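S.K.: below is the sequence, then the predicted model.
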Amino acid sequence: MNQTYLTTSELSQRIKYDTRTIRERLKDSVLIEGVHYIRPFGGRKILYIWDAIQKDMVKFSKNPMAIPMTRGGVAHG
């Protein structure tokens, strides 16, 4: 299990989004807990899983009308 975990600030630098945008607009709508981020040891701190985020960014940028579904599927709007 060799994954890269990022803080909100580190993710912000990689995807060029403001940290506030990540926390308020992307988390829990596009970035799903357990898929794109975790809360280690049940705490408040959030660590983002870079590999999953990177994979989904590429996957959904191919079809801009695709709507990501919770279990990894795509609805073609």
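M.R.: Good, I have the coordinates.
S.K.: contact partners for the residue nearest the centre of the chain?
M.R.: Note on the chain: the residue nearest the mean C-alpha position is L31, at 3.5 Å, using Cα atoms, centre = their mean. Applying Cβ atoms under 8 Å, 6 or more residues apart in numbering, we find L31 in contact with I22, Y37, Y48, I53. Bear in mind the C-beta positions are built from the backbone N, C-alpha and C, glycine included.
S.K.: burial of the residue nearest to the second one when sequence neighbours are not counted, as a residue count?
M.R.: Spatial nearest neighbour of Y37, chain neighbours left out: Y48 (4.6 Å); criterion: Cβ to Cβ, 6 or more residues apart in numbering. When counting by other Cβ atoms under 10 Å, one arrives at 23 neighbours for Y48.
S.K.: same check, this time on the one 10 residues further on
M.R.: Each residue near V58 was counted by other Cβ under 10 Å, and the total is 9.
S.K.: surely it is within a helix?
M.R.: Yes: secondary structure of V58 (DSSP: H, G, I helix; E, B strand; the rest coil): part of a helix.
S.K.: can you tell me how far it sits from Y37?
M.R.: Per Cβ to Cβ, to the nearest Å, V58 is found 18 Å from Y37.
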